[in-house]
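Novice: could you look at this predicted model? Sequence included:
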Amino acid sequence: MTAGPRPLRFVVIGAGMAGILAVIRLRDRGFDDIAVYEKADHLGGTWRENTYPGVACDVPSILYSYSFAPNPEWSHRFSPGAEIQAYLEDVAHRFDVDRSITYGEEVVHAEHDGDRWHLRTDSGRTDVADVVIAATGVLHHPFVPGLDGLDDFAGDLVHTARWGASVTLAGRRVGIIGTGSSAVQTVGAVVDEVAELTLFQRTAQWVLPQDNPAYTDAEKAGFRADPESQNRLHDEISELFADGFANAVVDAASPVLARIAELCREHLDTVVDDDLRARLTPNHRAACKRLVVSGDFYPAVQQPHVRLVDDDIDRIEAGGIRTVDGVLHELDVLVLATGFRVDRFMRPMEVVGPTGDRLSEAWAERPTAYLSMAVPGLPNLFMLNGPNGPVGNFSLIEVAELQMEYALQLVDRIADRTCRLVAPSTEATEIHEVARTEAAGKTVWATGCNSWYLDDRGVPMAWPWTFREFQQRMAAPEMDAYVLTT
Ligand code: N01
């Protein structure tokens, strides 16, 4: 007697870019028993949460689009965050993703009983699933530094990743802590609005100049009339982006990095004042930290009402920031552009496998996963943009698409009754981790700077190989690496 395909229920955790993708691709594959749990009250993930002034994606918009939903309407080569959020909402609407999403429910517990996953949300709601897709994001949990006196600040305190609609900047004295991508974008966007801007820099950053032309009406009409022309442009930009940046950063000896360094240096040389230029000069190689891209940062910091403070912060007081030289920098608004806790992923969710394996234990030191997607002992659970993946130097949408196609091939084996459960073996995961760690040492991220790429040992935690390599590894699962339970 043949039983036919096994009916499968899916729970997708998170309704950001990757969760929306997961639903669409599962349905394409014929699976429609899907529940998405989203802790917020609407979709969009990082683009819902990052609404600070100037927020944009520094991956070209044509690459930061779903392959199945090219967007001829992108306004700029690098479009603003609100436009990306609107794009995600539009795609979710067009593909009817919303009907699968339950909002305001944070999955806090997932336990496998040997048969299925049993999930529980913070409100006590429960659900079951044969397969769980964790699409919980990477740059997601804001990092708030433990600065003395932070709670004493009497003005408005805001983190770039939790920007409130009520923050008023016009005519006020604004301080920004940080010099990463978020800070640099904020500086460029608010400088003309504020009375005074004080930028607290702990580490100077290399800034690659950014040319961000608008797509003309004629170009957009051309994309609409001939979608193939936009696909060709996608492929060209994709190649340029891979060869000109993404593949170079994983090879510290790459000549492309020397060219990037030269461009950054020439850009820095546009700062006229010798003292300011010296203080803005990093002491590490370009691209060792995640490269910051901006065309308006250096003009902004040279404006007369902007001050760069590179003395260390001593403490925060009601009236502002006191630096170690004893000076109180008076502020009405304090912006923390201090980045994210990048080691969290789906945590603090508690995840327990059928034989008692716990994610909290597996990741007690640091998060790891086989090919960044799956964890030994936790079967039928796949992460999109999980640990040690290509984050920061590729389009995360393209990454998630490749990962989803890979996961679907494993799901097919569950559906066709090859197995009930599939999880990577401990051995394959360890072998992968050894190779990854070794390759990580050859990347530019390991050339002597501190950055969010580094794990607790100082080892870069991002995918240390080329995009081509990633595509190849994602093309088809090596089944020897998996433990199948029938
Ligand atoms: O965060 P970051 P981000 N005292 O971690 C400083 C993506 N992204 O939000 O360098 C003083 O890079 C810290 O100083 P230091 C992109 O992948 C993309 O800017 O550690 N300063 C640093 O300057 C990006 O890389 C886009 O010495 C303190 C800053 O805070 C990633 O998100 C836009 C401090 C944190 O920089 C993260 O970027 C935005 C302290 N106690 C984000 N603690 C685009 O697409 C921290 N800092 C363009």
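Specialist: Looks like it arrived, so ask away. Since the structure is predicted, the reported quantities are computational estimates derived from the model, not experimental observations. Residues are numbered from 1 along each chain as shown.
Novice: what parts of the stretch 301-450 of the chain come near the ligand?
Specialist: Within the stretch 301-450 of the chain, the residues that sit near the ligand (C-beta under 6 Å from any ligand atom) are 313, 337-340, 392, 450. C-betas here are computed from N, CA, C, even on glycine.
Novice: which among those gets closest to the ligand?
Specialist: Comparing those against the ligand with C-beta to the nearest ligand atom picks out Gly339 as the nearest, at 2.5 Å.
Novice: shouldn't the closest one be in contact with Gly178?
Specialist: Yes. Gly339 is within contact range of Gly178, at 6.9 Å (criterion: C-beta atoms under 8 Å).
Novice: more neighbours: which of the two?
Specialist: Neighbours were counted for Gly339 and for Gly178 using other C-beta atoms under 10 Å; Gly178 has more, 25 against 22.
Novice: nearest residue to the more buried one in space, please, no chain neighbours.
Specialist: Ala337 (3.6 Å; C-beta to C-beta, 6 or more residues apart in numbering).
Novice: do you know how far that neighbour is from Asn388?
Specialist: 25 Å (C-beta to C-beta, to the nearest Å).
Novice: repeat for Leu396
Specialist: Separation of Leu396 from Asn388 (C-beta to C-beta): 14 Å.
Novice: also Gly180?
Specialist: 21 Å.
Novice: looking at those two, which is more packed in?
Specialist: Per other C-beta under 10 Å, whichever of Gly180 and Asn388 has more neighbours is Asn388, with 25 against 19.
Novice: can you give me phi and psi for the more buried one?
Specialist: Dihedral pair for Asn388: phi 60, psi 20, per degrees, to the nearest 10.
Novice: pull the distance from stretch 177-190 to the chain's centre.
Specialist: 17 Å (C-alpha atoms, centre = their mean, to the nearest Å).
Novice: what segments of this protein are helices?
Specialist: 17-28, 46-49, 81-94, 181-190, 217-225, 227-241, 255-268, 274-279, 297-301, 359-362, 396-415, 426-440, 467-475 (DSSP state H).
Novice: I'd like those written out as a markdown table, with mean pLDDT and distance to Phe153 added.
Specialist: Converted to a markdown table, these look like this (pLDDT from 0 to 100; distance: least, C-beta to C-beta, whole Å):
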| stretch | mean pLDDT | distance to Phe153 |
| --- | --- | --- |
| helix 17-28 | 98 | 33 |
| helix 46-49 | 94 | 22 |
| helix 81-94 | 98 | 26 |
| helix 181-190 | 97 | 18 |
| helix 217-225 | 97 | 45 |
| helix 227-241 | 92 | 40 |
| helix 255-268 | 97 | 32 |
| helix 274-279 | 98 | 25 |
| helix 297-301 | 98 | 23 |
| helix 359-362 | 96 | 33 |
| helix 396-415 | 97 | 33 |
| helix 426-440 | 97 | 38 |
| helix 467-475 | 94 | 43 |
